[in-house]
Structures are given as structure tokens and as C-alpha cells.
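Participant: quick one: sequence plus predicted model below, questions after.
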Amino acid sequence: MFNVTKQAFVLSAELSTLSARENFHRTEELIQLLNKHKLPFKLVEGNYEGSTETSLYVVAENTYNSVIKLLADTFDQECYLRVHSDGHAELVYRDGSIKSVGKWTPTDKQPEKNYSKIAGMFFICL
């Protein structure tokens, strides 16, 4: 089972208004930028407000929050998910506001929306 022991971020470069090809290229560009910053990541399946997308699970300390925010802004993302090492999760929005969304929790069943699928496990915020 996948175990969250370090702070992490989940973000995407995709937009629901773009084609699959455009989103593929945006994701590739985000991967290049994460590699440039030497940030480890995993490609994962994400779902935000019912829209399934390729997301990136990035393990990084809070000192990288400004880098993650810049990347999310670069790709016009409404927000990104920040998961603290204790599992507490929050959405960080473009305007800097933060919304606590509960504890990042594994589940065996695929939720309808708002999840990340990592290493075969679904994670939701409760």
C-alpha cells in the first residue's frame, strides 16, 4: 500500500477546455519544469470536480510551495492540493487563499470525483 510520510503536492497542467493533445503537451512541459527544479514526482490519475486528468504527485517540503504555486499559475490551474506529512490536506488557490479539505485518506473504491489514484490506491479528502 502507498504510504504518505512526507509533505506532497498534487497538481496538473491540464484544462478541461483543451484537447487531449494540448493537455498532453502541457503535462510534458510541467514534467520538464519539475525536472529542472529537481523535484521528484509520480504521474497519477487525478479527478477534480468530476473531470479526470493526468496529475503529478510531487514530494517536496513546504519550502517549495512558492515553486509549486508558480507552476500551478503558469498552467492556469484554479488550485493545487497540498498534503502535509500528517495527512492534513488543503487546496491552495491562485489568489493565495487556502481551504482545508480534511485528511488525505486511502480508499479501495473509486470515488465519483475529487480523488488521486496512486500506485493502484484511490486517495480522497475526508
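Facilitator: Sure, I can see it.
Participant: quick one: the one helix or strand Thr52 maps to to chain centroid distance?
Facilitator: Using DSSP states H and E, Thr52 sits within strand 51-59. Computed by Cα atoms, centre = their mean, to the nearest Å, the separation of strand 51-59 from the middle of its chain amounts to 5 Å.
Participant: repeat that for stretch 61-71.
Facilitator: 12 Å.
Participant: can I get that stretch as PDB, trimmed to CA atoms?
Facilitator: What follows is stretch 61-71, C-alpha atoms only, in PDB (Å, rounded to 0.1, in the frame of the first residue of the first chain):
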ATOM      1  CA  GLU A  61       8.900  20.200   1.600                       C
ATOM      2  CA  ASN A  62       6.900  23.400   2.300                       C
ATOM      3  CA  THR A  63       9.900  25.500   1.200                       C
ATOM      4  CA  TYR A  64       8.900  24.500  -2.400                       C
ATOM      5  CA  ASN A  65       5.400  25.900  -2.000                       C
ATOM      6  CA  SER A  66       6.300  29.000  -4.000                       C
ATOM      7  CA  VAL A  67       7.700  26.900  -6.800                       C
ATOM      8  CA  ILE A  68       4.600  24.700  -6.900                       C
ATOM      9  CA  LYS A  69       2.300  27.800  -6.800                       C
ATOM     10  CA  LEU A  70       4.300  29.400  -9.700                       C
ATOM     11  CA  LEU A  71       3.900  26.200 -11.700                       C
END
